[in-house]
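Visitor: build me a model from this:
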Amino acid sequence: MFTFATMGMSTNQFFEHLLKSDPVNLSQLTPEQLKEAGEANWNTIFDLEGPRSIKRKPLACEAWYSQRLFKPFSSIFKSHETLQNIEVYIRRFPFRGTRVSPVTYLRHNIEVYLQEVYVLRQRVIDFLNS
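Guide: Okay, here's the model as predicted:
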């Protein structure tokens, strides 16, 4: 199975590398646009009401493709990493001596795994259709 760990890259290293190779430079934004971008990111991350993008001139062709590929790929990669984490959770039962039984814990993790498989499938379909 392919993982970035097999290539010696952590998730943080991968995204740092990808961001460095992105032709869009934050220094091109005005202070007002930077403030808007921060607010939009905050709203997106915490699922708050308000703007989720900034208004500015269309990007150059290379930057447009970079953003068009980066966002969907990062969400696909996140789902893949979540699936790998669930495999670790299933191998370890941390609730000995509590009312959570191993069967309940396993059922919960299997349900979460199947939900994430569905999310991953939808993200891949959306990515391929874009």
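
Visitor: ok, which stretches of this protein are helices?
Guide: 11-21, 31-45, 61-91, 102-129 (DSSP state H).

Visitor: export those helices to a markdown table and tack on mean pLDDT and distance to residue 54?
Guide: Bear in mind the C-beta positions are built from the backbone N, C-alpha and C, glycine included. Conversion of the helices of the chain to a markdown table gives the following (pLDDT from 0 to 100; distance: least, Cβ to Cβ, whole Å):
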| stretch | mean pLDDT | distance to residue 54 |
| --- | --- | --- |
| helix 11-21 | 52 | 17 |
| helix 31-45 | 76 | 4 |
| helix 61-91 | 82 | 12 |
| helix 102-129 | 92 | 22 |
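
Visitor: any chance of those helices in TSV, with distance to residue 51 and mean neighbour count too?
Guide: Output for these, formatted as TSV (distance: least, Cβ to Cβ, whole Å; neighbours: other Cβ atoms under 10 Å):
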stretch	distance to residue 51	mean neighbour count
helix 11-21	22	12
helix 31-45	5	13
helix 61-91	17	14
helix 102-129	22	13
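
Visitor: and these: which comes nearest residue 55?
Guide: Among the helices of the chain, helix 31-45 comes nearest to residue 55, with 7.5 Å by Cβ to Cβ.

Visitor: got the helices of the chain as a markdown table, with distance to residue 53 columns?
Guide: Below are the helices of the chain laid out as a markdown table (distance: least, Cβ to Cβ, whole Å):
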| stretch | distance to residue 53 |
| --- | --- |
| helix 11-21 | 18 |
| helix 31-45 | 5 |
| helix 61-91 | 11 |
| helix 102-129 | 18 |
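
Visitor: for residue 69, see how far away the nearest residue in space to residue 36 that is not next to it in sequence is.
Guide: Spatial nearest neighbour of residue 36, excluding adjacent residues (Cβ to Cβ, 6 or more residues apart in numbering): residue 54 at 4.2 Å. Distance from residue 54 to residue 69, counting by Cβ to Cβ, to the nearest Å: 20 Å.
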